[in-house]
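>>> Here's a sequence, model it:
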Amino acid sequence: MFDFDKYERRLHSEEPAAPSSQYQPVANSDVSAMSQLFWGEHCVECAAPSCYESCDLYQPRPDKRCRRFTYGSFKNRNFHSLRGYGVEISFKKWAKIEAAGRLTLAPVAAVLLRERLIEWAAPVADLIGKVLGRITKNDNWDSITYLLLQRLARRTSSRDQATPVPDALLFEVYNPSAETVRMQLNILPKIEGENGAKTLVRLQPSFVTTLSFPTGYSRHEIAASRFQSVAAPGGLFTISMIPEADNNARLVFLTADFVKFAAQPVAEKGANKIKCVVWDLDNTLWKGILIEGDDVAVRPEVEQLLKHLDERGILLSIASKNDHASAWQKLEQFGLAKYFLYPQISWGPKSLAIKSVAERLNIGLDTFAFIDDNPFELDQVGKTLPGVLCLDANEIAALFTDPRFRGSSSAESRQRRQMYQETITREEAQKEFGTNYLQFLASCGIKLQIDSYSPEDLERVAELVQRTNQLNFSGHKYTRDQLNGILADQQLEKYVLRSSDHYGSYGTVGFSIVKPGENMIQIRDFMLSCRVQGKFIEQAFFNHVMQHHNPQNARTLWVNYQETARNNPALQVLESLGFKKCNTASDGLLEGMVHSAPKTLDCAFIEVHCLGSANPQNQPQVELADKINHGQPG
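Numbers count the residues shown, from 1 in each chain. Below is the predicted model of the structure:
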């Protein structure tokens, strides 16, 4: 559920969204149990309430928390869903939706009843809190509903040891805009230290993926097997979604829950629409038998059908008794390998191969079709997997017009294979590296773009220096006038950091003020968004500055670290990199942290691009067009 009581009609200037085409959402009968999530609007960099005074973006909600959605969460009854409405949200800068709690499931009716009761009680609690706030002069009372829901989320069913295990994290979203909206989803386990013990958040694993919401309705199921290592039943977790690169997205959320799907009765074979077609190879996809040395050739109608099904969003795979290496090489030679997900090319039973594909794609066997020329294989699969539609290879031509193979014509359908392939890449990376977090990061293709500050960066830089908290190394919060004074200082180098990886762009994530020197390079200020926390961006930046913005070959790096109530993660970063506290500052510096062995800052897995450098010596700037690959993380 969402915090509808914080919706402000006066701010809702645009017409409420409405569906432009029909769609079929998940129904109550499709789900047996679901989670009790309390989604709310949050800031990517939140340090409430201290940031309210210094931040240009602060706009108070009725409870005086920061308004990060344009008008709040709007209950839009133009949309039908499992709950009977959609939740329309227009994201502002630095906005994210977030829920925290325990991963516990309850019957759908119980969850929906509890949501209705909370929705009824919230305005009453708001009123009580406002009255008590005026009486006591304590603003915390204004947020009493938010605080109570946060506590309830963490306590809900925490003692229930028999909670069902979810099948998936389900999102149903309607995008009313003409452009695809990409959002980064992050599930992070909530680790509670004993006796106030601090935990090293930098190396804490999380589940991260990118969801693309095309125009219109789209449904996204993230299998529980993908996030079970960070969100186990009964355990505390935080889940958030952030528009990619601070895109001001407008979306209608129909479902955003962990769900257990209801058991479905076995339908008459072939009655369901087909979602995946599994192909035999020899004398089916191609003419001839590969292992017998035949000069095999792809059937012309097969190549056309593969392209047709792929464009309609129908997934494709292989179950063939063959030598995997030679068969896959032949598929690549024909230019067809790109179409197939989780191909099963071995000498085992084809029923096991098809079942394996279904498990990995996380779709039901009753939506599968299997095509083979061998009656024995068709019979073996048909009797072992009665839900699978088995077709003789001679029936291929009829599939172009078969309504069961119609698929969809939506933009999302054309991207379905690509989305699965991105998922496969991440799964293979995680499987290969196991619990080795650093090796997994190395597989993510993290890129860091370091640019000299330009006037076009002013608004974003102002946001960073006013709102960054956890990775604000100096703890400074600058007013506009103070920032303008710093930006005008020709003795200081000013850098803007942008980052991306295989999952998408993180946008502008950092700002740093650097002063080179003969003996020491000074990092006067460094602010880094928490959206790239734990990705070693700090290390790559420090290393790059020492290697490529060090005209006097200084051997010491000094970072202005000043402790605040919120920036302990910055201290953890510095300590993990080998920085030491300097109690007596030299050359008039404040106390901070120093590093005297810059070679140990090498960071092999981050690709750094630098298009230019601030140049206090007034010499011509040098463009570094090469990609700089550094050594191992410290």
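>>> where are the low-confidence patches of the stretch 201-350 of the chain?
For the stretch 201-350 of the chain, the stretches with pLDDT under 70 are 201-205, 232-234, 245-246, 263-272.
>>> Mind jotting down where the strands sit in it?
Taking DSSP state E, counting those that start in this stretch, the strands of the stretch 201-350 of the chain run over residues 207-213, 216-223, 236-243, 250-261, 276-279, 286-287, 297-298, 315-321, 344-346.
>>> Give me the packing partners of the third one, helices and strands only.
Spelled out, it's strand 236-243. Other elements packing on strand 236-243 under the criterion 3 or more C-beta pairs under 8 Å, 6 or more residues apart in numbering; DSSP states H and E are strand 95-102, strand 181-189. Every C-beta, even on glycine, is put in place using the N, C-alpha and C of the backbone.
>>> Direction included, what does that strand pair against?
strand 95-102 (antiparallel), strand 181-189 (antiparallel) (DSSP bridges).
>>> go on, the longest one?
Partners of strand 250-261 in the sheet, by DSSP bridges, are strand 31-35 (antiparallel), strand 86-90 (antiparallel), strand 168-175 (antiparallel).
>>> Run the chain-centre distance for that strand.
15 Å (C-alpha atoms, centre = their mean, to the nearest Å).
>>> what's the angle from it to strand 207-213?
Here the directions of strand 250-261 and strand 207-213 differ by 120 degrees (axes from the mean of the first three to the mean of the last three C-alpha atoms, to 10 degrees).
>>> what angle separates strand 250-261 from strand 216-223?
Going by the same axes, to 10 degrees, strand 250-261 makes 40 degrees with strand 216-223.
>>> Just grab the bridge partners of F253 for me.
Beta-bridge partners of F253, counted by DSSP bridges, are V87, V173.
>>> thinking it is in contact with R83, fair?
No - with contact defined as C-beta atoms under 8 Å, F253 does not reach R83; the gap is 10.0 Å.
>>> Helices of the protein, start to end?
Taking DSSP state H to define them, one finds helices in the chain at 51-54, 108-136, 144-155, 224-227, 300-311, 324-334, 350-361, 375-384, 411-433, 437-443, 458-467, 480-487, 537-548, 568-576.
>>> So which of those is nearest H42?
Among the helices of the chain, the nearest to H42 by C-beta to C-beta is helix 144-155 (10.4 Å).
>>> could you say what helices and strands that closest one packs with?
Partner elements for helix 144-155 (3+ C-beta pairs under 8 Å, 6+ apart): strand 95-102, helix 108-136.
>>> where's the last one relative to the chain centroid, distance-wise?
It refers to helix 108-136. 31 Å.
>>> mind listing what's buried in that helix?
Buried positions in helix 108-136, judged by neighbour count with 16 or more other C-beta atoms under 10 Å: 108, 111-112, 115, 118, 122, 125-126, 129-130, 133.
>>> Let's have those in TSV, adding distance to K581 and pLDDT.
Below are the buried residues of helix 108-136 laid out as TSV (distance: C-beta to C-beta, whole Å; pLDDT from 0 to 100):
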residue	distance to K581	pLDDT
V108	54	90
V111	50	89
L112	54	90
E115	50	87
I118	48	85
A122	47	78
A125	46	79
D126	46	75
G129	43	75
K130	46	79
G133	41	75
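>>> Closest one of those to L290?
Nearest to L290 among those, with distances taken as C-beta to C-beta, is V108, at 50.1 Å.
>>> Could I get the contacting residues of the closest one?
Going by C-beta atoms under 8 Å, 6 or more residues apart in numbering, V108 touches 28, 31-34, 82.
>>> For those, pick the one with the most neighbours.
M34 (25 neighbours; other C-beta atoms under 10 Å).
>>> Quick check: beta-bridge partners of it?
A106, V259.
>>> For the stretch 401-550 of the chain, give me the ranges with low pLDDT.
Using pLDDT under 70, the stretch 401-550 of the chain drops low at 408-415, 419, 422-436.
>>> one more time with 80, if that's ok
Scanning the stretch 401-550 of the chain for pLDDT under 80 picks out the ranges 401-403, 406-440, 463, 466-467, 469, 503-506, 530-531.
>>> again with the stretch 1-150 of the chain
Ranges of the stretch 1-150 of the chain meeting pLDDT under 80: 1, 21-22, 45-57, 101-102, 122-123, 125-126, 129-131, 133-134, 137-150.
>>> what's the span of stretch 517-535 from first residue to last?
28 Å (C-alpha to C-alpha, to the nearest Å).
>>> Ok, stretch 25-38 next?
21 Å.
>>> hmm, who's touching that stretch?
1, 3, 80-82, 99, 101, 103-109, 111, 114-115, 149-150, 152-153, 156-157, 164, 166, 170, 172, 217, 219, 239, 254-263.
>>> The same query, at a cut-off of 7 Å, please.
1, 80-82, 99, 101, 103-108, 111, 114, 149, 153, 156, 164, 170, 172, 254-262 (C-beta atoms under 7 Å, 6 or more residues apart in numbering).
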